[in-house]
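**Student:** Have a look at this prediction, sequence included:
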Amino acid sequence: MIALQSVGKLYNEGRPNEVTALSDIDLSIARGAVTVLKGPSGSGKTTLLSIMACMARPTTGRVSLEGEVVSGLPERFQTRLRRDTFGFIFQRFNLIRGLTVLENVMLPAAPTGEAHGTVRARAMAQLEALGMAHKAATAVEYLSGGEAQRAAIARALINDPVVLIADEPTANLDSALSERFLDIVRAERAAGRTMVITSHDPRIWEADCVDTVVSMRDGRLLEGVR
Amino acid sequence: MTPWLRRQRALADYTLAALARRRGKNAALVAVYALVVFALASAMFFAAALRHETTQVLQDAPEITVQKILMGRQDLVPAATVEKIAGIRGVTRAEGRLWGYFYDRTNGANYTVMVPGDKAMEPPAGSVALGEGIPRARGFTWDGAPLFLSRFEGDLQKFEVVRTFTRASGLMTSDLVLMNGADFRAFFGIPEGLYTDVVARVRNPREVDTVVAKAGALMPEMRFVTRAAIQRSYQKLFSWREGLLAALIGAAVLAFVIFAAEKASGLSAEETREIGILKAVGWDTRDIIAMKLWEGALVSGGAFLIGTVAGFAHVFFFGGTLFAPVLKGWAVLYPEFDLAPQVDGVQLLSLALLTTLPYVAATLVPIWRTASADPDAVMR
């Protein structure tokens, strides 16, 4: 479904502080599968996710989605992909402080032009499914780590994306909450959603619901994919 | 509702929520902004109202004023001039006027002393009618207190006050002393048969220039001032003062714009992160700019509304106390009068453009720079 060919990424290109974040990445993500990218901090996992989800452009190589090259698309098409095709769960959740849980969840749907009531109902349904409906009117700064994560998941799912991407989803959670996250992964997998997750948490990459584990180090993929 | 309108509504909803989140900061911004608009609006309203008032007052003034110039200064006009002017075809009436200035040593004010053209308004011998500014400046403690005028050391002329003009006519009468013709001549030592100047009424206003040309040929030593010229002088005077004040306030506007640009270009880490998140969850650069346009419109529109209404109230209900000295001119006797509330569309539009556009432009450009980058780069 997603194919990366010879993808490389340089930050601060041409400057004294140039950094090579990714080199020569070739990777395919299968539709409906759960893929985990594992590796130590600084191995390039987050950069790879950003490139896959059209949030950053590769310096070299290309990214294809369903056979179509998307890495060179103009900004407005990439925005549409981010909105309609990908749902992104950030490591620190990146909820907007001062807004309520419901307002945060509805954010990706704001530019779609859908009726407010429809979006609201869908957001409430997502929160309900994640056991967060009672927190809908709470400002996000008052949420616990687990609640913030579920709010972030609800936001990622509001536009019913084909691909759900999660960056270190359990980094800030205890065992029980990590297990709860895996339950959500199982449910989404069962629903046919493609998922790409980065993690250096063995509980994630050893979970029964994970189809593929890809190891990374120093911006490169290591041999041996599970 | 169309999808476009629904989208705008969603963006506006988000903007309102965003503004409410930074309540204190935005309230302070609107307050400073409204203050700048208030100052500019007050200056514009005040000067426009003065110009309007002057036009109204001069509407009934005589079409031509004739002065005798001697050695570059105004001299007394002989009575024969009145008859010569009256004899010019097109002139319906000509009359000599007696008026002059009196410097009051007791309070440093200058009074305009005049004999009214209308005989019915002429006070009886030994009495005067006063503009409201004179009793105010003199500190008259009771109504009808006599007016003592001293022309030189040891001199003291007493006049009974038969009437005091109201504030409604303050623009023209504040410093006015109306006197009987004989009293005036005696007080200033003007012999019979001489006048300060001559005023003439012309039947057809379009013939004023022709009459002036004829009179000028007949009496080359005279200066002819038309009502239109006086009107233009007042307009220019008030426009000049308004311009001066507007330039000063313009500097304040500029400072505010620099502040706004500084604030916007140095987007806080939180604001930058927020833009990154919005882009990451699928907001287009246009959506973010539209949202910021809403924000700019609400802040600048709100400040414009508050500042303009406050400026209007300041000028028309509180007499424009803050800027009156600058716009009326410096004097010991300030005329006290109420300006008729009136605002025209062009004035409002200029004010809106002068105050809201620079702010919106100053804030939008840096936001566009941030919003057009990849979300990953913005959040990193």
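**Tutor:** Now that the structure is in, tell me what you want to look at.
**Student:** three-state assignment of the residue positioned nearest the centre of chain A?
**Tutor:** By C-alpha atoms, centre = their mean, chain A has its centre lying nearest to A:Ile165, at 2.1 Å. Of the three states, A:Ile165 takes strand under DSSP: H, G, I helix; E, B strand; the rest coil.
**Student:** OK, contacts around it?
**Tutor:** A:49, A:52-53, A:86-89, A:156, A:195-197 (C-beta atoms under 8 Å, 6 or more residues apart in numbering or on different chains). Backbone N, C-alpha and C define where each C-beta goes, glycine included.
**Student:** can you rerun that using 10 Å?
**Tutor:** A:2, A:29, A:35, A:49-50, A:52-53, A:55, A:86-90, A:156, A:194-198 (C-beta atoms under 10 Å, 6 or more residues apart in numbering or on different chains).
**Student:** can you tell me which helix in chain A is longest?
**Tutor:** Secondary structure of chain A read by DSSP state H shows that its longest helix is helix A:175-190.
**Student:** and that one, C-alpha only, in PDB?
**Tutor:** Once non-C-alpha atoms are left out, helix A:175-190 reads as follows in PDB (Å, rounded to 0.1, in the frame of the first residue of the first chain):
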ATOM      1  CA  SER A 175       1.700  -1.100  31.500                       C
ATOM      2  CA  ALA A 176      -2.000  -1.100  31.900                       C
ATOM      3  CA  LEU A 177      -2.500   1.900  29.600                       C
ATOM      4  CA  SER A 178       0.000   0.300  27.100                       C
ATOM      5  CA  GLU A 179      -2.200  -2.800  27.100                       C
ATOM      6  CA  ARG A 180      -5.200  -0.700  26.600                       C
ATOM      7  CA  PHE A 181      -3.600   0.900  23.600                       C
ATOM      8  CA  LEU A 182      -2.900  -2.600  22.100                       C
ATOM      9  CA  ASP A 183      -6.600  -3.400  22.500                       C
ATOM     10  CA  ILE A 184      -7.300  -0.400  20.300                       C
ATOM     11  CA  VAL A 185      -4.700  -1.500  17.800                       C
ATOM     12  CA  ARG A 186      -6.400  -5.000  17.700                       C
ATOM     13  CA  ALA A 187      -9.800  -3.400  17.200                       C
ATOM     14  CA  GLU A 188      -8.500  -1.200  14.400                       C
ATOM     15  CA  ARG A 189      -6.600  -4.100  12.700                       C
ATOM     16  CA  ALA A 190      -9.800  -6.100  12.900                       C
END
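**Student:** Keep only those of the contacts of A:Ile165 that are in helices.
**Tutor:** Assigned to helices by DSSP H, the following of the contacts of A:Ile165 qualify: A:49-50, A:52, A:156.
**Student:** Quick one: mean pLDDT over the longest helix of chain A.
**Tutor:** Mean per-residue pLDDT for helix A:175-190: 89.
**Student:** returning to that earlier point: quick one: the residue nearest to the centre of chain A from A:Arg186, how far?
**Tutor:** A:Ile165 is 17 Å from A:Arg186, where distance means C-beta to C-beta, to the nearest Å.
**Student:** Equivalent analysis for B:Leu98, please.
**Tutor:** Remark: distance between B:Leu98 and A:Arg186 (C-beta to C-beta) = 107 Å.
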